[in-house]
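*Asks:* Give me the fold of what follows.
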Amino acid sequence: MLRAPPSPTAQMSGEALFVTKSLSRRFKASQPDALLDLSDEQLVQQCGSAREGDTRAFEELVRRYEARVRANCRYLSGSEEDSWDLAQEVLMRAYRAIGRFEQQALFRTWLWRVKANHCLNYLERRRVREREEIVSPPTPPPA
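*Replies:* Residues are numbered from 1 along each chain as shown. Prediction:
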């Protein structure tokens, strides 16, 4: 089943819409230069202390890592179409969990672990689904 990259106008939660918009366009001029100069760890700290709805620091982290996350999701899934969904889901998971990030490792390492776990779970679900399709006999057409 072929799916186009996510549409930024799709009906979805605020978090999903935020990540979808970031995946479908680059934050060219919308990022203040001050954020560009900050390290990942400083941006993570800003994410934790930001007021609700202020996503600028996380948007900068997305801008830095979205292409690599999607490329690796494409490699792991073997599917260009699925890579868009997987990358969006990974970034949403990271956005929701960034408050629990303990900074015992680099942000990049933590994000890679989130991505790896999510992609492995996806591959396992896909493998089980494919196995069920092979094992299940086809249903006869209605008479």
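*Asks:* Would you mind measuring the gap between the ends of stretch 71-86?
*Replies:* As for stretch 71-86, its first-to-last residue distance stands at 10 Å under the measure C-alpha to C-alpha, to the nearest Å.
*Asks:* Now do the buried residues in it.
*Replies:* Within stretch 71-86, the residues scored as buried using 16 or more other C-beta atoms under 10 Å are 72, 73, 74, 76, 77, 82, 83, 84, 85, 86. Where C-beta positions appear, they are placed from N, C-alpha and C, glycine not excepted.
*Asks:* Just to be sure, which of those residues are found in helices?
*Replies:* Residues of the buried residues of stretch 71-86 located in helices (DSSP state H): 72, 73, 74, 76, 77, 82, 83, 84, 85, 86.
*Asks:* wouldn't the second one be in contact with residue 114 here?
*Replies:* Right, residue 73. No: under the criterion of C-beta atoms under 8 Å, residue 73 makes no contact with residue 114, lying 11.4 Å away.
*Asks:* Which strands or helices does the lengthiest helix in the chain pack on?
*Replies:* The helix that spans the most residues within the chain, counting by DSSP H, is helix 107-135. Taking 3 or more C-beta pairs under 8 Å, 6 or more residues apart in numbering; DSSP states H and E as the contact definition, the neighbouring helices and strands of helix 107-135 are helix 40-49, helix 56-77, helix 80-97.
*Asks:* Show me what counts as buried in that helix.
*Replies:* Under the neighbour-count rule (16+ other C-beta under 10 Å), helix 107-135 has 107, 110, 111, 112, 114, 115, 118, 119, 122 buried.
*Asks:* Residue 39 versus the nearest residue to the last one once chain neighbours are set aside, what's the distance?
*Replies:* Counting by C-beta to C-beta, 6 or more residues apart in numbering, the nearest residue to residue 122 once its immediate chain neighbours are dropped is residue 86, at 6.1 Å. Distance check for residue 86 against residue 39: by C-beta to C-beta, to the nearest Å, it reads 27 Å.
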